[in-house]
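Novice: below: sequence and its predicted model.
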Amino acid sequence: MQTQPSLYDLSFEQLQARIAAWAQPTFRARQIWEWLYVHLADSYDRMTNLPKPLRDRLAAEFALGRLTPQIDRLSSDGWTRKILFALPDNAYIETVLMEYDTRNTVCASTQAGCAMGCTFCATGQSGFQRNLSAGEIIEQVLFFERALRKSEGEKERRRDGETVGKPVDQLTDPRSTDHRITNVVLMGMGEPFANYNALLDALHRFSDPVGYNFGARRITISTVGLVPMIERFAQEKSQVNLAVSLHAATDDLRESMLPINKRYPLGVLIPACRTYTETTHRRISFEWALIEDVNDTPEQARLLAHLIKGMVCHVNLIPLNPTRDFSGRASTRERIVAFRAVLDNSHIPNTLRIRRGIDINAGCGQLRQSVISNL
Ligand code: SF4
């Protein structure tokens, strides 16, 4: 396994400084940057406009990425692919590619593990390892981008189910016409705002017009509700979307599911969300995992509607993904319909999200949990 620093951990300025220290012409930094973020080179040999001695020096001092796929699973319907990556220090992270409609969405991790301890989440149940670097966040997305670009021409084989269990670089993509990642959600393992500097660095690099050039409006960050960071992020004037994991409309219930609610109760969190929308003029999303007989009651729906009334917002309802250490079940169809009716009557925009990839443990942290528990 690679132990050198990753070239993806350098900012453009740091790369320029390294190139200058090696007495190379300044334009070499731009060429390398383009190989990394435009051409998505997977080997130094592909960087054919660089002199061989420079390629050799780069290879001697920097790994070209540090993610090593350990487990690679494709859901039975073929539309969700999940990879467990190992990092050189034996940290594990999960990344998911979801293909539906015209979208290819990558759900990436920002930390290895998570310290937030949400009771229904496999990552929360397994504890915290470390923050990811900006490069490690970006690499997850570029890994799937590279795979999609390579996938053209594999349509028929995937339709026949022949690619189940194949390495991701042989991924087939039967529906996408442009073979590109269309959306990035930072909703995988970890609390993005607990790794704020690396997160911001990664966001800037995603949108770098001379690099990956990925539109900020196609990126979504999900937070469990770190109020000071929501306030700070509002000041960034970013076009990136913000989602808040709410899951309950009363403090006692929310506390029982999300320990962070003790530090930032609803009376603090909701005003911070309101201020965010007023400052940024951007809509905020609220995530709500529907758990039978826990938070799917009409009363919770009424309280939720009251809590967020008048805010420029949207509620995403997601039936619970089952996890090993949480006994709750996903809400039934009838209860979901009743819950939504309350929101609809209160004119709260809401969407019911389809659960994907249950057969491959696609929920955040589930694959890592199954691997770590078997080590
Ligand atoms: S839901 Fe998110 S914030 Fe909560 S424990 Fe899981 S990864 Fe961490």
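Specialist: Yes, it's here.
Novice: close to the ligand: what parts of the stretch 151-300 of the chain are there?
Specialist: Within reach of the ligand by Cβ under 6 Å from any ligand atom, the stretch 151-300 of the chain has these residues: Met189, Gly190, Glu191, Val224. C-betas here are computed from N, CA, C, even on glycine.
Novice: look at the last one and say how many residues are nearby.
Specialist: The one in question is Val224. By other Cβ atoms under 10 Å, 25 other residues sit near Val224.
Novice: how about the first one?
Specialist: Residues within reach of Met189, counting by other Cβ under 10 Å, total 28.
Novice: pretty sure it is in a strand, no?
Specialist: No - going by DSSP: H, G, I helix; E, B strand; the rest coil, the assignment for Met189 is coil, not a strand.
Novice: could you measure it against Pro259, distance?
Specialist: 17 Å (Cβ to Cβ, to the nearest Å).
Novice: with the second one instead?
Specialist: Plainly put, Gly190 is 15 Å away from Pro259 if you go by Cβ to Cβ.
Novice: between the two, who's got more neighbours?
Specialist: Neighbour count, other Cβ under 10 Å: between Gly190 and Pro259, Gly190 has more, with 30 against 16.
Novice: where does that one fall, phi/psi-wise?
Specialist: In terms of degrees, to the nearest 10, the main-chain angles of Gly190 are phi 100, psi 160.
Novice: name the nearest residue to it, ignoring sequence neighbours.
Specialist: By the measure of Cβ to Cβ, 6 or more residues apart in numbering, the closest residue to Gly190 outside its immediate chain neighbours is Gln111, 2.7 Å from it.
Novice: what's the neighbour count on the one you found?
Specialist: Using other Cβ under 10 Å, Gln111 has 26 neighbouring residues.
Novice: go on, Val294?
Specialist: 19.
Novice: then Thr332?
Specialist: 14.
Novice: again, but for the one 5 residues further on
Specialist: If you count neighbours by other Cβ under 10 Å, Val337 ends up with 11.
Novice: okay, and it sits in which element?
Specialist: In the assignment (DSSP states H and E), Val337 maps to helix 333-345.
Novice: and the next helix or strand after that helix, what's buried?
Specialist: Next helix or strand after helix 333-345 toward the C-terminus (DSSP H and E): strand 350-352. Buried residues in strand 350-352, counted by 16 or more other Cβ atoms under 10 Å: Asn350.
Novice: all numbers from here: first residue = 146
Specialist: That works, and once the first residue is 146, the last one we named lands at strand 495-497.
Novice: list the strands paired with strand 495-497, with their directions.
Specialist: According to DSSP bridges, strand 495-497 has the following sheet partners: strand 458-464 (parallel).
Novice: the strand it pairs with: how far from the chain's middle?
Specialist: Averaging C-alpha positions (Cα atoms, centre = their mean, to the nearest Å) puts strand 458-464 17 Å from its chain's average.
Novice: export it as PDB, just CAs?
Specialist: This file holds the C-alpha atoms of strand 458-464, laid out as PDB (Å, rounded to 0.1, in the frame of the first residue of the first chain):
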ATOM      1  CA  CYS A 458     -36.800  25.100   2.900                       C
ATOM      2  CA  HIS A 459     -37.600  21.600   1.800                       C
ATOM      3  CA  VAL A 460     -38.100  18.400   3.800                       C
ATOM      4  CA  ASN A 461     -36.500  15.200   2.500                       C
ATOM      5  CA  LEU A 462     -38.200  12.200   4.000                       C
ATOM      6  CA  ILE A 463     -36.200   8.900   3.900                       C
ATOM      7  CA  PRO A 464     -37.500   5.600   5.200                       C
END
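Novice: can you name the residues that contact Ala279?
Specialist: Tyr153, Asp154, Ser156, Ala343, Leu344, Asp346, Ala347, Arg350 (Cβ atoms under 8 Å, 6 or more residues apart in numbering).
Novice: for the first one, which three-state class applies?
Specialist: In this case it means Tyr153. Of the three states, Tyr153 takes helix according to three-state DSSP.
Novice: ok, it - contacts?
Specialist: With Cβ under 8 Å, 6+ apart, Tyr153 has these contacts: Leu181, Gly210, Arg211, Ala279, Gly280, Glu281, Ile283, Glu284, Leu287.
Novice: now do the helix or strand hosting the first one, average pLDDT.
Specialist: Following DSSP H and E, the helix or strand that holds Leu181 is helix 172-182. Summarised as a single mean, pLDDT over helix 172-182 is 98.
Novice: hmm, Phe157 and Arg163 touching each other?
Specialist: No - look at Arg163 against Phe157 with Cβ atoms under 8 Å: they stay out of range, at 10.7 Å.
Novice: overlap in contacts, these two.
Specialist: Common neighbours of Arg163 and Phe157 (Cβ under 8 Å, 6+ apart) are Ala174.
Novice: any low-confidence regions in the stretch 296-445 of the chain?
Specialist: 297-323 (pLDDT under 70).
Novice: one step back: where neighbours are concerned, which of the contacts of Ala279 has the most?
Specialist: Ala347 (28 neighbours).
Novice: end to end, how far does stretch 454-461 reach?
Specialist: 15 Å (Cα to Cα, to the nearest Å).
Novice: quick one: it near the ligand?
Specialist: No - between stretch 454-461 and the ligand, judged by Cβ under 6 Å from any ligand atom, nothing touches; the nearest distance is 13.7 Å.
Novice: for the longest strand anywhere in the chain, buried residues please.
Specialist: Counting by DSSP state E, the longest strand found in the chain is strand 237-245. The neighbour-count check on strand 237-245 (16+ other Cβ under 10 Å) flags Tyr237, Ile238, Glu239, Thr240, Val241, Leu242, Met243, Glu244 as buried.
Novice: may I see these organised as a markdown table, with distance to Lys454 and pLDDT added?
Specialist: A markdown table is the format used below for the buried residues of strand 237-245 (distance: Cβ to Cβ, whole Å; pLDDT from 0 to 100):
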| residue | distance to Lys454 | pLDDT |
| --- | --- | --- |
| Tyr237 | 42 | 94 |
| Ile238 | 38 | 96 |
| Glu239 | 36 | 95 |
| Thr240 | 36 | 96 |
| Val241 | 33 | 94 |
| Leu242 | 36 | 94 |
| Met243 | 31 | 91 |
| Glu244 | 36 | 87 |
